[in-house]
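Novice: Sequence and predicted structure are below.
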Amino acid sequence: MKKALLALLLLSGFTLVSCKKDHTCACAMVRIDDNGNRNTSSDGNYSFKDTRLRAEKKCADLEETGTDIWGDYSRECDIK
């Protein structure tokens, strides 16, 4: 009986750890002006229904750097 209870508790623990939940990834565009000031603007929120680790990886994959008509930018994203 004790072994069955222990096995059930371990299985429940693994289920909770790998549980898929909704995670929100918030992204921002960051630009540095000629004076060195950091200008940040929201660039969207994304929702991932996955484990925390997978959601963090998907969120990190949204980050980028580049250049557009307004100059250089970096896109920074974090799980809220």
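Specialist: Alright, I've got the coordinates.
Novice: where exactly do the helices run in the protein?
Specialist: 2-17, 52-61 (DSSP state H).
Novice: weakest of those in terms of mean pLDDT?
Specialist: Within the helices of the chain, confidence is poorest for helix 2-17, with a mean of 59 (mean pLDDT).
Novice: CA-only coordinates of stretch 50-58 in PDB, if you can.
Specialist: Extracted C-alpha coordinates of stretch 50-58, given in PDB (Å, rounded to 0.1, in the frame of the first residue of the first chain):
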ATOM      1  CA  ASP A  50       3.000  25.300 -22.900                       C
ATOM      2  CA  THR A  51       5.400  24.400 -20.100                       C
ATOM      3  CA  ARG A  52       7.300  27.300 -18.500                       C
ATOM      4  CA  LEU A  53      10.600  26.200 -20.100                       C
ATOM      5  CA  ARG A  54       9.200  25.800 -23.600                       C
ATOM      6  CA  ALA A  55       7.300  29.100 -23.300                       C
ATOM      7  CA  GLU A  56      10.500  30.900 -22.300                       C
ATOM      8  CA  LYS A  57      12.300  29.500 -25.300                       C
ATOM      9  CA  LYS A  58       9.500  30.500 -27.700                       C
END
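Novice: Buried residues of that stretch, list them for me.
Specialist: 50, 55, 56, 58 (16 or more other CB atoms under 10 Å). For glycine as for every other residue, the C-beta is placed from the backbone atoms N, C-alpha and C.
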